[in-house]
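Undergrad: Kindly return the folded structure for what I paste below:
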Amino acid sequence: MFRKLRTLFGGRRCEFCGKASSEAQRYEDETGRPIHVCFQCVPYAERRGYPKR
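TA: Here you go, the predicted model:
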């Protein structure tokens with residue numbers, strides 16, 4: 001239940017570093033699943049070739 005409340009009010013968690021960020025950008029992984037990436041990990045996601053959603 002705490003996890004559900006945290007995602008509602010605490011922002012999204014970055015897929016790579018795990019930090020919570022209110023300004024997370026959405027990318028799509030290899031399987032087509034949407035992932036959230038914080039602003040610090042955006043260069044890493046772009047290097048890996050994840051397309052933006």
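Undergrad: so where do the strands sit in this structure?
TA: Along the chain, counting by DSSP state E, strands occupy 12-13, 20-21, 25-28, 34-37.
Undergrad: Determine the set of other helices and strands touching the second one.
TA: Put plainly, it is strand 20-21. Packing partners of strand 20-21 (3 or more Cβ pairs under 8 Å, 6 or more residues apart in numbering; DSSP states H and E): strand 12-13. No exception for glycine: its C-beta is placed from N, CA and C like everyone else's.
Undergrad: neighbours around Val37, how many?
TA: The number of residues packed near Val37 is 23, by other Cβ atoms under 10 Å.
Undergrad: Could you do Glu23 as well?
TA: 9.
Undergrad: for the residue lying closest to it once chain neighbours are set aside, what are its contacts?
TA: What sits nearest to Glu23 in space, not counting adjacent residues and going by Cβ to Cβ, 6 or more residues apart in numbering, is Phe39, at 6.0 Å. By Cβ atoms under 8 Å, 6 or more residues apart in numbering, Phe39 lies in contact with 21, 23, 25.
Undergrad: got the residues you listed as a markdown table, with distance to Arg33 columns?
TA: Shown next, in a markdown table, are those (distance: Cβ to Cβ, whole Å):
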| residue | distance to Arg33 |
| --- | --- |
| Ser21 | 18 |
| Glu23 | 20 |
| Gln25 | 15 |
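Undergrad: Neighbours of the closest residue to Glu15 other than its chain neighbours, how many?
TA: The spatial neighbour of Glu15 that comes closest, neighbours along the chain excluded (Cβ to Cβ, 6+ apart), is Ile35 at 4.2 Å. A count of nearby residues for Ile35, using other Cβ under 10 Å, gives 19.
Undergrad: what sits opposite the nearest residue to Ala45 once chain neighbours are set aside in the beta ladder?
TA: Closest residue to Ala45 apart from its sequence neighbours, by Cβ to Cβ, 6+ apart: Val37 at 4.7 Å. Beta bridges link Val37 to Gln25 when assigned by DSSP bridges.
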